[in-house]
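Student: below: sequence and its predicted model.
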Number of protein chains: 2
Amino acid sequence: MSIITIVGAGMMGSAMCFPASDNGHIIRLVGTPYDKEVIQRIKQDNFHPKLGMPLPPNTTAFFYEELDEALKGCNLLVAGVPSFGVDWFAENVLSRIPDDLVVLSITKGLEDEPDGTLVPISLAYNKYKLAPGRHLSINSIGGPCISLELCNRLHTSVALCGDNSDTLHWIKSQLITTYYHIQPTSDVIGIECAVAMKNAYAVGVSLAIGLAQQTGSTLSNPQASLFGQAVREMLRLVHLLGGQTDSVIYATSDLYVTINSGRNRKLGEALGSGLTLQQALEKFPGVTLESIPIITRAARALRKRHELGTCNFNKFPLLRHLDEIINLGAPVHIPWNEFG
Amino acid sequence: MSIITIVGAGMMGSAMCFPASDNGHIIRLVGTPYDKEVIQRIKQDNFHPKLGMPLPPNTTAFFYEELDEALKGCNLLVAGVPSFGVDWFAENVLSRIPDDLVVLSITKGLEDEPDGTLVPISLAYNKYKLAPGRHLSINSIGGPCISLELCNRLHTSVALCGDNSDTLHWIKSQLITTYYHIQPTSDVIGIECAVAMKNAYAVGVSLAIGLAQQTGSTLSNPQASLFGQAVREMLRLVHLLGGQTDSVIYATSDLYVTINSGRNRKLGEALGSGLTLQQALEKFPGVTLESIPIITRAARALRKRHELGTCNFNKFPLLRHLDEIINLGAPVHIPWNEFG
């Protein structure tokens, strides 16, 4: 039995309580300053208002102000913050933990550097966000997982990546259940890059859904053409960064799920139907769209590499067009002929 | 302007009339003996009863008995028969054409040999089905294409494979339009194997849809887990046969479309909901399910290779389970823990 502290009481962070609880661990779910009301409610009657269900046995909620208490004696720290919360997490949480506490990040994202390097979140912590000289074991999990389905204990297959095989197998042993299937891999850059990019490409594939609404037609062939191009570009990007083909499979199935639902699909649909980005965003007030920074950063990095002669940005026509739509206000005009 | 003769007046063969007609060719659509009524109706008022629309300009219908006339002076022969029609096509059509007539096959399928070799249709023609000493240029097309959407001139991206680059580029020039996007590739085994296997795996992924109906739950995570495993196994099989990763991308997007509709999805759904194969088949009287021979042959070939020590069939747990369901009457019991 371990003590698992999860920081971030959003949907996905909170969903991790379920496999952890089914392993008999003590779980401490700590809210960020944004999660005050959620934590208040859980403390009252154990009901998670966003998940719409009670939390599983052995789970205790903590306000952010109670973080020190929640970290006491903990064996595994789960970073359950969205990508815009990683600086906050580094400053306010990672700064307080010992170097030997294993961290598991569920955040999806990429940061880009001036030379076109793309850095996934788990590596960015050690690279920029910790005090000089510190090094933590930051592992991450990625793959197709709708949080509510994990809470309902439906079969879910994810990849777990990090640089130490023993650590990965230990984390797996803490969280594996009959329904939560965890595949360890050392391909950190491949998994994190691919699962971050799928949010970008979910917008791309969903453009066809909006276009079909405009014309009243069905949409399978165009959507499949976009889906294929999305997989092709994810594979190309992952290979460019030194990652492996196998890792892209997790992103492919994640893309498949994301297009069937989710906010990034709705954004693509709205853009495809002829709305400008501004008009589309007005339809989703207060919603975080992880796709927008991902598209922006990946396109910026690849454009830079293209200038430096280290990649051919023309091999990413769908990403380039998404960037033009999002950042240059271009109308949707899918470059079908450039696909391949 | 060329003369294009299409043999097989089913949905997909007939849909090929549209890009051909938009290129200004003369098109001769020849029915098989099964297509008598369809051809009768087209001859009457140019309306294709299965497509539910008139055929495009410059298209003339021919009964099978008029085949010789339809082949006269033709520049490209399209084989538009289903996989169970390939022997008929070889005996009755290919036997009558000159060796220098270019053939384009749209049939999806695989044949297996006693030593576990898997042979795609276009190669099987030259290998077994022609008179000794004959060799034809048989090329094939594969990728996500719902025939009615092609008729409606929606954007469609497919791969065109064959062993001669000049021939491929000539075929492409005959059929390419602003909406029909054709990518030539020399990876015959990769494209044909992958697009045949996607019919098998569409059944596999759709098991989750039926399982969810049984429990009344949602299904994204299990379906995504199956989708990922399907892609993984298609990739493994294509690599085993010497094909390329890029070719599997066409099958991945084809799988994506097939799960959203189509008869193989309905079979998987029925099996997943608890019906036996026999009960499931009774729900689709008279419907050809290409998935059943594909599952059977691919599993038989891999099992044989496993015995011979040339592959590890345990790396194909989803295909193995599909074979158990289809050929041994096993109940659905997805081997989630073996995925990866």
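Tutor: Perfect, I can see it now.
Student: centre-most residue in chain A?
Tutor: Nearest residue to the geometric centre of chain A (Cα atoms, centre = their mean): A:Lys108, 2.5 Å.
Student: my read is A:Ala298 is in a helix, agree?
Tutor: Yes: assessed by DSSP: H, G, I helix; E, B strand; the rest coil, A:Ala298 belongs to a helix.
Student: can you list the residues of the stretch 151-300 of chain A near chain B?
Tutor: A:152, A:154-157, A:179, A:181, A:183, A:217-225, A:227-229, A:231-232, A:235, A:245-246, A:249-250, A:252-254, A:256-257, A:260-261 (Cβ under 8 Å from any Cβ of the partner chain). All C-beta atoms are positioned from the backbone trio N, CA, C, and that covers glycine.
Student: and A:Gln214, what pLDDT?
Tutor: pLDDT, A:Gln214: 82.
Student: before we move on, the earlier item: show me the contacts for the residue nearest to the centre of chain A.
Tutor: Counting by Cβ atoms under 8 Å, 6 or more residues apart in numbering or on different chains, A:Lys108 makes contact with A:83, A:121, A:142, A:192, A:195-196, A:199, A:290.
Student: ok, back up a step: strands - which of the residues of the stretch 151-300 of chain A next to chain B land there?
Tutor: Counted as lying in strands by DSSP state E, out of these, are A:156-157, A:181, A:183.
Student: nearest to A:Glu113 among those?
Tutor: A:Glu113 lies nearest to A:Gln183 out of those, by Cβ to Cβ, at 29.3 Å.
Student: quick check: the closest one vs A:Tyr250, distance?
Tutor: Note on A:Gln183: its distance to A:Tyr250, by Cβ to Cβ, to the nearest Å, is 8 Å.
Student: which of the two has more neighbours?
Tutor: Taking other Cβ atoms under 10 Å in any protein chain shown, A:Gln183 and A:Tyr250 do not tie; A:Tyr250 has more neighbours (28 against 18).
Student: surely that one is in contact with A:Ile191?
Tutor: Yes: contact criterion Cβ atoms under 8 Å: A:Tyr250 and A:Ile191 qualify, at 6.3 Å.
Student: re earlier: and the residues of the stretch 151-300 of chain A next to chain B, which of them are buried?
Tutor: Burial of these was assessed by neighbour count (16 or more other Cβ atoms under 10 Å in any protein chain shown); the buried members are A:152, A:154-157, A:179, A:181, A:183, A:219-225, A:227-229, A:231-232, A:235, A:245-246, A:249-250, A:252-254, A:256-257.
Student: shared neighbours of A:Tyr250 and A:Ile191, anything?
Tutor: Counting by Cβ under 8 Å, 6+ apart, the common neighbours of A:Tyr250 and A:Ile191 are A:142-143, A:159.
Student: separate out the buried members of the residues you listed.
Tutor: Using 16+ other Cβ under 10 Å as the burial test, those include A:142-143, A:159 as buried.
Student: so which of these comes closest to chain B?
Tutor: Chain B lies nearest to A:Gly143 out of these, by Cβ to the nearest Cβ, at 7.5 Å.
Student: give the contact list for that closest one.
Tutor: Counted by Cβ under 8 Å, 6+ apart, A:Gly143 has contacts A:156-159, A:191, A:195, A:250, A:253-254, B:224, B:228.
Student: distance check, it against A:His239.
Tutor: Distance check for A:Gly143 against A:His239: by Cβ to Cβ, it reads 19 Å.
Student: where does A:Ile27 land in three-state SS?
Tutor: Using three-state DSSP, the structure places A:Ile27 in strand.
Student: quick check: closest non-adjacent residue to it.
Tutor: If the residues on either side of it in the chain are set aside, A:Ile27 comes closest to A:Thr59, at 4.4 Å by Cβ to Cβ, 6 or more residues apart in numbering or on different chains.
Student: flag every buried residue along the longest helix along chain A.
Tutor: Ranked by number of residues, the top helix in chain A under DSSP state H is helix A:188-215. Of the residues in helix A:188-215, A:188-212 count as buried by neighbour count, 16+ other Cβ under 10 Å.
Student: one more: stretch A:81-91?
Tutor: Quick answer for stretch A:81-91 (16+ other Cβ under 10 Å): A:81-83, A:85-86, A:89-90.
Student: check stretch A:313-326 too.
Tutor: Buried residues in stretch A:313-326, defined by neighbour count with 16+ other Cβ under 10 Å: A:313, A:315-326.
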